[in-house]
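A.B. asks: model this:
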Amino acid sequence: MNLDWDDLRVFLAISEQGNLSAASRELKVSQPTVGRRLKSLEESLGTQLFDRLPDGLALTNHGEQLVPLARNMETAADAVWRQQASFTNEVKGTVRISMYEQIAQFFMQHLPALQKRCNQIEIELSIAHNAANLSRREADLLIRECLPDIPDIIAKKLGHYHYAVYGSKYYIDTHPSALTERRYEDCDWVGFDDEHTGFFGQQWLREKLAKRKPVVRSNNGVVLLDAMLKGAGIGVLPCFVGDQESQLQRLEVVPGDGPTLYLLVHKDMRKSPAVRLMMDSVTGLFAEYNDILHGAHTHRHSPGSHSHR
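C.D. replies: As a prediction, the model looks like this:
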């Protein structure tokens, strides 16, 4: 009997997701491919692993017995894949970094400098709000605002950053109360939707708005920035985003130190020369532009932060 690991990987995805279509999305392959892989595995084992039900698939007794064994194989396969990155002493290859879209905006501003430091490395940016699974190498490096309670993950502190209230010069010219504390009652606001109010600046904004909600909401920070640039309303942005836009005016700094960013890596991947160099370069980049992250270089010149209240 010859077992194909890809068949077992599909089996695990189906057992976790409950149907073929969800498993295909999880694995990023077509649904017919998932169906063929499952059929191949069942034929190899000579048994049925799932009962076909009207609302999805349910594990049979044999399927339930196979799940822990397949998970052990998955853990071993992931470990081999991670170790593979350390089998060479050459500093080259691809390093995938996962982050959310507003941190990516900071990266794009300084991408040429990062490329110069890592000139033999291809950089792949994965944009997501959900944390990538470093054990499964969904990413090699992860930048997050919180530390996950996961074994074998190593964290390096990159520092904290600040948020501030911004509005386009056009919106402020046509809505003078934006320069005063009346902005929270009178002005249109742009912000994340209800599922993304966990971001530091959004929590503060919702408290300031009380029963009001932003009139323009999105799950994407780049969309919110574009809406603000177009004059749809004022909103809260990281200083390293808002301060770089000449069309925006800073109105008020959000109180507090702001969130702390961490660079996360699996301990096995830290053995990779390319990953180590990228880690050092990213850490150096954040240290070099610390003032931009804090918003310190324009903090004293915020036109409406305090004097216009």
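
A.B. asks: spell out the residue ranges of the strands in this protein.
C.D. replies: 50-53, 56-59, 93-99, 121-127, 141-144, 153-160, 163-168, 189-192, 216-218, 234-238, 248-253, 260-266 (DSSP state E).

A.B. asks: quick one: closest of these to Asn19.
C.D. replies: With CB to CB as the measure, strand 56-59 is the member of the strands of the chain nearest Asn19 (4.2 Å). Every residue, glycine included, has its C-beta placed from N, CA and C.

A.B. asks: adjacent strands (with direction) for the closest one?
C.D. replies: strand 50-53 (antiparallel) (DSSP bridges).

A.B. asks: which parts of the strand it pairs with are buried?
C.D. replies: With burial defined by 16 or more other CB atoms under 10 Å, the residues of strand 50-53 counted as buried are Phe50.

A.B. asks: can you name the residues in contact with the top helix by length along the chain?
C.D. replies: In the chain, taking DSSP state H as the definition, the longest helix is helix 61-84. Contact with helix 61-84 is made by 5, 8-9, 11-12, 15, 45, 47-50, 59, 135-137, 266, 268-269, 271, as judged by CB atoms under 8 Å, 6 or more residues apart in numbering.

A.B. asks: so where's the stretch 201-309 of the chain uncertain?
C.D. replies: The stretch 201-309 of the chain contains residues with pLDDT under 70 at 297-309.

A.B. asks: so which residues of it form helices?
C.D. replies: Secondary structure of the stretch 201-309 of the chain (DSSP state H, counting those that start in this stretch): helices located at 221-229, 239-242, 273-288, 290-294, 296-299.

A.B. asks: how many residues are close by Asn133?
C.D. replies: Neighbours of Asn133 under the rule other CB atoms under 10 Å: 14.

A.B. asks: need phi/psi at it.
C.D. replies: Note on Asn133: its backbone torsions stand at phi -80, psi 100 [degrees, to the nearest 10].

A.B. asks: leaving out chain neighbours, which residue sits closest to it?
C.D. replies: Ala139 (8.0 Å; CB to CB, 6 or more residues apart in numbering).

A.B. asks: tell me the pLDDT at that neighbour?
C.D. replies: What the model reports as pLDDT for Ala139 is 91.
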